[in-house]
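S.K.: Mind folding the following:
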Amino acid sequence: MNRANAALLYVIGLAMAIFHLYAGYFGQPEAQVFRTTHVAFALALTFLMFPASGRLRARHPNASGALDFAMLVLVALLHSYILYDPQGLMLRTGDLSPMDLVVATAYLFVLLEATRRAVGMAMLLVALFFMLNAVVGDWFPGIFYGPPHAWRVLADVLYLGDAGIFGIPVAACASYITLFIIFGQLLQKSRALDFFMDLALVLTGRQIGGPAKAAVVASAFEGTYSGSAVANVVGSGSFTIPLMKRLGYPAHFAAGVEAVASSGGQIMPPVMGVTAFVMAEIIGVPYWQVAMAALIPAILYFVSVYFMVHFEACKLGLKPIPKEERPRIGKVMRQGGHLLLPIVFVFYLLSQGYSVSFAASYGIIAIFGMSFLSHRTRMAPRDLVDALEESARAVTPIAIACAAAGVIIGAIMLSDVGNRFSELVLSAAHGQLWLALFLTMVASFILGMGLTTTADYIVLATFVLPALVKMGADTLGAHMFAFYFSSISGITPPVALASFAAAAIARAGIWETSFIAIRIGIAGFIIPYLFIYNPELLLNGTPWSIALATGRALAAVVCLAAALEGWLLVRATLPERLVLFGASVLFVWPEPLANTVALLTLAAVTVLQMRRGDSVEQTAKTKVGGRLAALAEKWALSRRLARLAEAEVAQEAASHARRVEHPGERAWGWPLLAAVAAAFVWASLKHIHILNFNVFLGVTLVLSCVTVLCFTRRAPARHS
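M.R.: Numbering: from 1, shown residues only. You can find the predicted model right below:
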C-alpha cells in the first residue's frame, strides 16, 4: 500500500469512528441517512483494505490500484446521489425512477463486490442464489419454486425496503456494534488484556494445567468486552499458547484450547458478538434481556471447557505454573484493577434500562478516564487516534456482512421461501422438538463453513426458527439456540477460523488443531439443549428454579466432560465412561426421576473411583511421567531451539509494536484533540447533523484530515 492510500485509509477510518461517536453522544441523523452513511464508509474502507485479487496486485499493481480507486469513486457518487435528496428518494419507494433503478443496480453490484473481498465468496454465492431465486423462482424445484418477480421489484426491496440492505442488521451495526468495537479497542490500548492475562494466571496458576486454564479464564474475561473469536485468539493466544507449549502441552492441543475458549467470547456478556445485537433487533427485545439470558449458558460453556482442560491435564500429569512465574495478586490489581470498572459501569447502565448506544458511549468515556489512574494504562494522544481508526477497520467486514445479510433477508422475504422451508422442517422432524433441534444444529455447522456468524444466524432465523417456535420452544430460547451454535461454528472444520488462527500462533497443523478443538468443545454442545428444555437457564423462573436448573446443568456438563476425556478422579474405564455419558443425558431432562437416577449414577462412579484412586493414579502418573521424560530427553534440543525462536519472534514483534512518540506530542496532542471535540460540540449545539447533514459530513472529513496530518504513521499492510 502506498502512502497516499494509507493516508486515505487513515482519514476515512478516523472519520467513520468520529461520525459514530458523535451519533452516540449527540443523537443520530435521520435513520436512512445514518445507515447509508455507515455502509458508505464501510464500502470505501473495503476497497482500500482488500485488493480485488492478490495475483492481480502482485503482477499489475498499478492496474489493481486504479481498479480500487475507481470503485472508491463509484461509492462516493452513489452515496452522493442518496444524500442529494434522501426524503424524495424514500418517497419513491415502490415506484423507482429509471435513474433510481440504475443507481440501485450499481449499489448492489458494489456491495456484492465488497462482500467478495471482505467477507468471502461463500456469502456472495448465497446472496446471489437467493436474489436469483426471487427473480426466476419458477425455474427452481421443490421448496425453492415460487412466482418470479421483476428485477425492478427486487431492486426496490433491497435498496429502499425496510428488510433490505439498510435493514435490521445494518441498523444494529451502525447504532451499537461500532461503538462497542471502539469500547474494546480503547480497552486494548489501555493494556486491559495484560491485566486480564495476569489475573487469570493468579487465579489458575497453582492448579494442574494452569496455563490452559489461564487461557480459558483470560478468554472469558476478554469476552466481556470483545465479541470476536479470532480477535480473542490473537489477543490472549499470543501469550497463553507459547506458555502452554513451554510447560508440556502439545502444540495442537494448546491451539485447540485457545480456539475453543476464545469462541466463547461471542456469547459472554456484556459485550457479546455482533449477532447478539442483531438478534435483539429481530426478536424485538432490549439487548440487556438478551445479555442476561446468555449469562448462565456462557458460564456453563467456559465451565465445560475448563473441566475438559482439567481432565486432560490430569491424564498428562502436567504440573502447575512455577511459583516464580506467577504474578502476585496485589501487584496485578494495583496496576490494572481499575480497568474492571468500565465493564462494571456498562453492566450497570444496561441493567438500569439505558439504551445500548448510551451504555457504550459512556463506557468509552469511563475507559478513557480510568486509563489515567495508572502510568501503566495511561493512553497517549496517538493511542486514542489509532484506536479510533483501528476500530473502523475492525468494523468494516462486519458492516459489509450485515449489509449482505440484508440482501439475503430481503430476497428470502420477497420469494417467501422461508415459510416453505419452515414447513419442511416441521414435517421432517415429525413434530419432535429434539429432532428439529438436532437438524438446526447440523444446519448451523454446515452454514458456518462459508458464512459469518451473523449470516449463519440470520439464515437460521429466517428458515428454521419459526418451526422450532411452532413446536413449543420459547422464542428467545430458540434464537439463543441458533446464536449459540452459530457462534461456536468457528471451531468446526473444514472452515474453522478460530482454530486456524490459533494453529498459526502455535505453529501446529490446522486439521489437528480443529479436531482437538472439537474434542475439547464438544462438552459445550449439550448446553443449548439444556436451556431449551430448562428455560430457567435463561433466567426465566423463580430464583430457586433457576438455581436448581443451573446445578443440573453443571452436573451434566461435568459428566459429559468426564465421559469424553475418560477421567473423573482417576482414569475411567469404558463402562464408567458410558455411565457418565448416560448421566449427562439424564440431567438434561427436567424430570425428578431422571435427575435422581443421574445423581445416583454419578455418586456411584465417584465412590468407585475414590476406592481405587491411589493405585490407579500412581500407575497412571508413573506411565505418563515416563513418557514425558522420554520425550523431553529426545526433543530437549529442539524444544530449546523452539523457545529461542519464540523469544526472538516475541522480541521482534514487541520492537515493531513499540510506538515512537514525537517529542512533546502529549503537550500539543491533547489540546489538538480537545479542539476537534469542541468543534463537534459546537456542531451539535447548532444541530448541523440534522439541518444540513452534507455540511456536517464535510466538516467531519476535514477535521479527520487535520488530525491525520498531525499524527502521521507508517502504512498498514493490506489483506489478500
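S.K.: In the stretch 251-400 of the chain, what residue spans correspond to helices?
M.R.: Listed in chain order, the helices of the stretch 251-400 of the chain (DSSP state H, counting those that start in this stretch) span residues 251-263, 274-283, 287-316, 329-336, 340-351, 356-370, 381-415.
S.K.: mind checking which of the ones you listed is nearest Leu439?
M.R.: helix 381-415 (18.5 Å; Cβ to Cβ). (Each C-beta comes from the backbone N, C-alpha and C, glycine too.)
S.K.: from the chain's centre, how far out does whatever helix or strand comes next after that closest one sit?
M.R.: Once helix 381-415 ends, the next helix or strand along the chain (criterion: DSSP states H and E) is helix 417-428. Here the centre of helix 417-428 is set off from its chain's centre by 29 Å, with Cα atoms, centre = their mean, to the nearest Å.
S.K.: Repeat that for stretch 278-290.
M.R.: On the basis of Cα atoms, centre = their mean, the separation between the geometric centre of stretch 278-290 and that of its chain is 17 Å.
S.K.: can you list contacts of that stretch?
M.R.: Here stretch 278-290 makes contact (Cβ atoms under 8 Å, 6 or more residues apart in numbering) with 168-169, 171-173, 176, 272, 276-277, 350-351, 353, 356, 402, 405, 454, 457-458, 461, 475-476, 479-480, 483.
S.K.: returning to that earlier point: can you lay out the helices of the stretch 251-400 of the chain as JSON lines showing mean neighbour count?
M.R.: As requested, these are exported to JSON lines (neighbours: other Cβ atoms under 10 Å):
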{"stretch": "helix 251-263", "mean neighbour count": "31"}
{"stretch": "helix 274-283", "mean neighbour count": "24"}
{"stretch": "helix 287-316", "mean neighbour count": "23"}
{"stretch": "helix 329-336", "mean neighbour count": "15"}
{"stretch": "helix 340-351", "mean neighbour count": "19"}
{"stretch": "helix 356-370", "mean neighbour count": "21"}
{"stretch": "helix 381-415", "mean neighbour count": "25"}
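S.K.: Out of those, flag the one nearest Val102.
M.R.: Nearest to Val102, of all those, is helix 381-415, at 18.0 Å by Cβ to Cβ.
S.K.: pLDDT on the helix or strand where Ala667 lies, on average?
M.R.: Counting by DSSP H and E, the element that carries Ala667 is helix 665-685. The predicted model assigns helix 665-685 a mean pLDDT of 82.
S.K.: Quick check: which helices or strands does the very next helix or strand once past it pack against?
M.R.: Note on helix 665-685: by DSSP H and E, the next helix or strand toward the C-terminus is helix 688-691. Contacts defined by 3 or more Cβ pairs under 8 Å, 6 or more residues apart in numbering; DSSP states H and E place helix 688-691 against helix 3-26, helix 693-710.
S.K.: now what about the last one, what contacts it?
M.R.: Contacts of helix 693-710 with the rest of the structure, by Cβ under 8 Å, 6+ apart, involve 7, 10-12, 14-15, 18-19, 22, 29-30, 33, 37, 83, 385, 668-669, 672-673, 676, 679-680, 683, 688-689.
S.K.: For that helix, buried residues please.
M.R.: Using 16 or more other Cβ atoms under 10 Å as the burial criterion, the residues of helix 693-710 that qualify are 693, 696-697, 699-701, 703-705, 707-708, 710.
S.K.: Run a quick neighbour tally on Ala44.
M.R.: Around Ala44 sit 24 other residues, with neighbours defined as other Cβ atoms under 10 Å.
S.K.: I'd assumed Ala15 was in contact with it.
M.R.: No - Ala44 lies out of contact with Ala15 (Cβ atoms under 8 Å); the separation is 9.5 Å.
S.K.: correct me, but Gln335 touches His375?
M.R.: No - Gln335 lies out of contact with His375 (Cβ under 8 Å); the separation is 9.1 Å.
S.K.: Pull the contacting residues for Gln185.
M.R.: Taking Cβ under 8 Å, 6+ apart, we find Gln185 in contact with 387-388, 390-391, 394.
S.K.: What of Gln432?
M.R.: Gln432 sits in contact with Met471, where contact means Cβ under 8 Å, 6+ apart.
S.K.: what does Ile526 give?
M.R.: Contacts here follow Cβ under 8 Å, 6+ apart; on that basis Ile526 touches 304, 556-557, 560, 584, 588.
S.K.: Quick check: the closest residue to Ile143 other than its chain neighbours vs Tyr306, distance?
M.R.: Nearest in space to Ile143, with sequence neighbours left out and distances taken as Cβ to Cβ, 6 or more residues apart in numbering, is Arg420 at 4.4 Å. With the distance defined as Cβ to Cβ, to the nearest Å, Arg420 ends up 43 Å from Tyr306.
S.K.: before we move on, what about Ala174?
M.R.: With distances defined as Cβ to Cβ, the gap from Ala174 to Tyr306 amounts to 36 Å.
S.K.: now do Ala70
M.R.: Spatial separation of Ala70 from Tyr306 under the definition Cβ to Cβ is 52 Å.
S.K.: Over to Asn62?
M.R.: Note on Asn62: its distance to Tyr306, by Cβ to Cβ, is 53 Å.
S.K.: now do Ile165
M.R.: 42 Å.
S.K.: Which parts of the stretch 451-600 of the chain are helices?
M.R.: Taking DSSP H, counting those that start in this stretch as the test, the helices found in the stretch 451-600 of the chain are 453-463, 465-470, 475-487, 497-506, 510-521, 527-533, 543-565, 574-588, 592-611.
S.K.: other SSEs contacting the shortest one?
M.R.: Applying 3+ Cβ pairs under 8 Å, 6+ apart, we find helix 465-470 packed against helix 417-428, helix 433-448, helix 475-487.
S.K.: With that, I have no additional questions.
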